[in-house]
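Participant: Need coordinates for the following:
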Amino acid sequence: MTLVVTGGAGWFGSAFLDLLGQQDVDDVRVLVRSPADVPKVVRALPRARVYVGDISHEPSVSDLFDGVTSCEVVHAAGVIHPRKVEEFDRVNFNGSHLVVTQALRSGLERFVHISSNSAIGTNPTPDEAFRDREPYHPYLGYGASKMRGEVCVGQTLEAAGVAGVILRPPWFYGRFQPERQARFLKTARAGRFPLIGDGSNRRSMVDVDRLARAAWLALRADTEGVRPYWIADAQAYTMTHIVSAVQEAARAEGLAAKPASMRLPAIAGSVAYRLDAALQRFGRYQQEIHVAGELDKTIACRVDGAVRDLGFEPATDLVAGMRRSFRWGLAHGQDV
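Facilitator: I've put the predicted structure just below:
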């Protein structure tokens, strides 16, 4: 049995390969986007066979599965912050279609698809929390592409009678963080992260190591059909609490931290959202505007299903998780 992993050099992928190093899995193939990513994968999992390519490029996907006769797949490759809006569908939808189709031709037995909260959207009211089966209300271009990816994977697997699990994680934190998360930590620690309105809107978050563990559990679970699950910490946090947790974690790690001092009126989030939506209609994407447009939204979920069916154990201490984030960032030269 071959385990095929896409997106192996990303935030989730790095945590998942680190976990695989502790498991009894011999035949692993990993797809990365750049030749510069190959040494990183080899260090994490020396026994893996590493392929360089683009999941939206059919020859790359064909090469990844060449010679495979029986496989399981953890599909995590995707694009979050592209240069152009058209990249969303090219990678998150078309790429997912190529991967699941080629996997089925290669004796697919189980498929774990890493999706996103954005496929479902934002909560209608601040007090609500999404359950596993919710109607799609995707958040702008990224959310629409992740929705289409989910639907494509789900329908393709169901038609073939192959079991699959769709995992929907929200905002990550923890080890292997990219520079954008390091900037968030630094800005929040300095008291300059903007809270919009009163900061009471809630956000679910997930420790990336817990997410990696959830993907492994999903591979080994005996669920039937294609099932979606939210993967997050045990509770959602207000934005005020998130910023406070970062500051508390920084102080515990011996770093200076200032109280949050940057607050914007509630209308700022609406203005940013409308500007983001307008830009995307013209095919343009601006990361800072997109992130600002989400800052006043509630994106909260429940993880009961994953706990029940997969044996998932959610994190309960955000400060401890943020401390690990700071330690990892400092150890790897990040300006946090």
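Participant: Could you look up the SS state of P126?
Facilitator: Of the three states, P126 takes coil according to DSSP: H, G, I helix; E, B strand; the rest coil.
Participant: do you know how far it is from G197?
Facilitator: P126 sits 10 Å away from G197 when distances are taken as Cβ to Cβ, to the nearest Å. Using the backbone N, CA and C atoms, a C-beta is placed for each residue, glycine as well.
Participant: cool, Q334 as well?
Facilitator: Q334 is 30 Å from G197, by Cβ to Cβ.
Participant: same deal with V4?
Facilitator: 44 Å.
Participant: Can you pick out the residue with more neighbours from those two?
Facilitator: Shown here are V4 and G197; by other Cβ atoms under 10 Å, V4 has more neighbours (27 against 16).
Participant: Would you confirm that that one belongs to a helix?
Facilitator: No. Using three-state DSSP, the secondary structure at V4 is strand, not a helix.
Participant: Could you double-check that it sits in contact with L20?
Facilitator: No. When contacts are counted by Cβ atoms under 8 Å, V4 is not listed as touching L20 (11.9 Å).
Participant: where do the contact lists of those two overlap?
Facilitator: When contacts are counted by Cβ atoms under 8 Å, 6 or more residues apart in numbering, V4 and L20 have V28 as shared neighbours.
Participant: can you give me the strands for the stretch 151-300 of the chain?
Facilitator: Per DSSP state E, counting those that start in this stretch, the stretch 151-300 of the chain has strands spanning 163-168, 171-173, 195-196, 202-203, 205-207, 226-230, 237-238, 263-264. These are given in chain order.
Participant: of all these, which lies closest to D26?
Facilitator: Comparing the strands of the stretch 151-300 of the chain against D26 with Cβ to Cβ, the closest turns out to be strand 163-168 (22.3 Å).
Participant: so what strands line up beside the closest one?
Facilitator: When sheet partners are counted by DSSP bridges, strand 163-168 sits next to strand 108-114 (parallel), strand 226-230 (parallel).
Participant: on that earlier part again, can you list the strands of the stretch 151-300 of the chain in TSV and add mean neighbour count, mean pLDDT and distance to M322?
Facilitator: Shown next, in TSV, are the strands of the stretch 151-300 of the chain (neighbours: other Cβ atoms under 10 Å; pLDDT from 0 to 100; distance: least, Cβ to Cβ, whole Å):
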stretch	mean neighbour count	mean pLDDT	distance to M322
strand 163-168	24	98	22
strand 171-173	21	98	6
strand 195-196	22	92	17
strand 202-203	21	98	14
strand 205-207	25	98	10
strand 226-230	23	98	21
strand 237-238	18	98	11
strand 263-264	14	91	21
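Participant: could those strands go into CSV alongside distance to A252?
Facilitator: CSV is the format used below for the strands of the stretch 151-300 of the chain (distance: least, Cβ to Cβ, whole Å):
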stretch, distance to A252
strand 163-168, 30
strand 171-173, 15
strand 195-196, 22
strand 202-203, 22
strand 205-207, 17
strand 226-230, 29
strand 237-238, 17
strand 263-264, 25
